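A.B. asks: My questions concern the predicted model and sequence given below.
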Amino acid sequence: MPTNAATNNGPWDAKLQQFHGGQDWAHLDNFVEDFSVTTNAFGMPEAAKLTAIHSIDHSHHYPPADQEPAKSSLARFLWPAEYLDERNRLILGNGASELIDLVIRMAPSGVWKPGPFLTQYKEYERSARNNNFTMLPEGSPDKANVVCLVNPCNPTGDYLELPELKQWITENVLPGGYAIIDESMQPWHSPEFRHHSLVGEREYVEALYKEQGISVFVMHSWTKLWCCTGLRLGSVVCPTTEHMRAIKKAQVPWSVNTVALAFLDAVVRDTEYLDNTWTMTPVWRKLTIDRIAEMFPSWVFYGREFLSWIWVDTGSEEVAERAVELAKKAGVPVRSGRPGYNLPTFVRLAVREPSKVDVLLAAWKAV
Ligand SMILES: Cc1ncc(COP(=O)(O)O)c(C=O)c1O
């Protein structure tokens, strides 16, 4: 695969594309574990993976144009009781990335603004720039036509509970505008995640649309929770069925392929996988932080306890660079805060099981 050595951004074309983690593994002879992405530490759920593999057998047919039955299965996962009423607000995409771009293309033009945190996942900004929005920085006091807030925020780990989130939307979106709230990492919250999610706030979303013409979209990348980045799976909950239909009209047909649909249809039923995720992620996360803090007492750790990653400020560009370099050399790449986020003292690492952390920490002895 050609690389762009001049900019040191690996396979990414730094002039044209937004940098993301997750590209190093394929180029490492000694690859052990990918700490550079925020995927689930439990890997791809086994039963759904088998279903996906078997779906190859009928991949000489087109996928269903209505994304069913996978779409209804996901609706049932999101709204166990009300899914029949709610599923017409839902549409699937080829990763959240496809839907982020589609929704921003449909949005009212004008001013764009990110969430209030130090930085956030950059695809929203990239898409807004490509669509000629006027860009406001994080923390700007001005309202915008389109706001995009990542909650929980990748990479900083900040998280707004519903009352704060609603208040931020009220204070930051102009009448007639769009609020795109990315809850890709929110299901990690706990078995009660639905009660803390904007997905269940139908009355609030309806009122905002009726009274101020503000459209609230809830975006999900499913490639992290169910560790299937290569399959490409995302969804968006729209404020109304009409918004969903507008996306459907603009979306390329069959953008979610047969294998991804089969995987999704099966994975939403794997309760054991999610129980393990909710039980072990905070345990492994804390263990990892404790071990790193013992080695590097001055490093500062950010993010809520349930998250699938740790955002670390090493306090030094040189140290962060060395940590990234040593991790990559040892076959356990981590994400540098420099490319994309322009925060060169930071690194981001995924929560992983202790035996994989052993490899990373052995490498970091030389930092
Ligand atoms: C917060 C967030 N949203 C969306 C995405 C896009 O994910 P995908 O296109 O793989 O579904 C990512 C990927 O890292 C992410 O971290």
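C.D. replies: Thanks, I have it. Numbers count the residues shown, from 1 in each chain.
A.B. asks: Pull up the gap between residue 133 and residue 114, please.
C.D. replies: 11 Å (CB to CB, to the nearest Å). In short, each C-beta sits where N, CA and C put it, glycine included.
A.B. asks: interface residues of the stretch 51-200 of the chain facing the ligand?
C.D. replies: 95-97, 121, 150, 154, 182, 184 (CB under 6 Å from any ligand atom).
A.B. asks: please redo it, this time with the cut-off set to 8 Å
C.D. replies: Counting by CB under 8 Å from any ligand atom, the stretch 51-200 of the chain comes close to the ligand at 93-98, 100, 120-121, 123, 150, 153-154, 182, 184-185.
A.B. asks: Now for those residues: which two are most distant?
C.D. replies: Greatest spatial distance in these: 94 and 153, 23.5 Å, computed using CB to CB.
A.B. asks: Which stretches in the stretch 251-367 of the chain count as strands?
C.D. replies: Ranges of strands in the stretch 251-367 of the chain, per DSSP state E, counting those that start in this stretch, are 300-302, 309-313, 335-336, 346-350.
A.B. asks: Pop out the phi and psi values for residue 237.
C.D. replies: The phi/psi pair for residue 237 (degrees, to the nearest 10) reads phi -90, psi 120.
A.B. asks: out of everything not next to it in sequence, what's closest to it?
C.D. replies: Leaving aside its sequence neighbours, residue 237 sits nearest to residue 218 (CB to CB, 6 or more residues apart in numbering; 4.2 Å).
A.B. asks: Specify the local secondary structure of the one you found.
C.D. replies: On the three-state scheme (DSSP: H, G, I helix; E, B strand; the rest coil), residue 218 is labelled strand.
A.B. asks: which residues touch it?
C.D. replies: Residues near residue 218 by CB atoms under 8 Å, 6 or more residues apart in numbering: 181, 183, 197-199, 236-237.
A.B. asks: Show the contacting residues for the residue lying closest to residue 265 once chain neighbours are set aside.
C.D. replies: With CB to CB, 6+ apart as the criterion, residue 265 has its nearest non-adjacent residue at 4.2 Å, and that residue is residue 70. Contacts here follow CB under 8 Å, 6+ apart; on that basis residue 70 touches 92, 256, 261-262, 264-265.
A.B. asks: cutoff 7 Å now
C.D. replies: Applying CB atoms under 7 Å, 6 or more residues apart in numbering to residue 70 gives the contacts 92, 261, 264-265.
A.B. asks: Between residue 133 and residue 114, point out the one with more neighbours.
C.D. replies: residue 114 (24 against 21; other CB atoms under 10 Å).
A.B. asks: how close does the residue nearest to residue 237 get to the ligand?
C.D. replies: Counting by CB to the nearest ligand atom, to the nearest Å, the separation of residue 218 from the ligand is 12 Å.
A.B. asks: Kindly report the same for residue 203.
C.D. replies: 26 Å.
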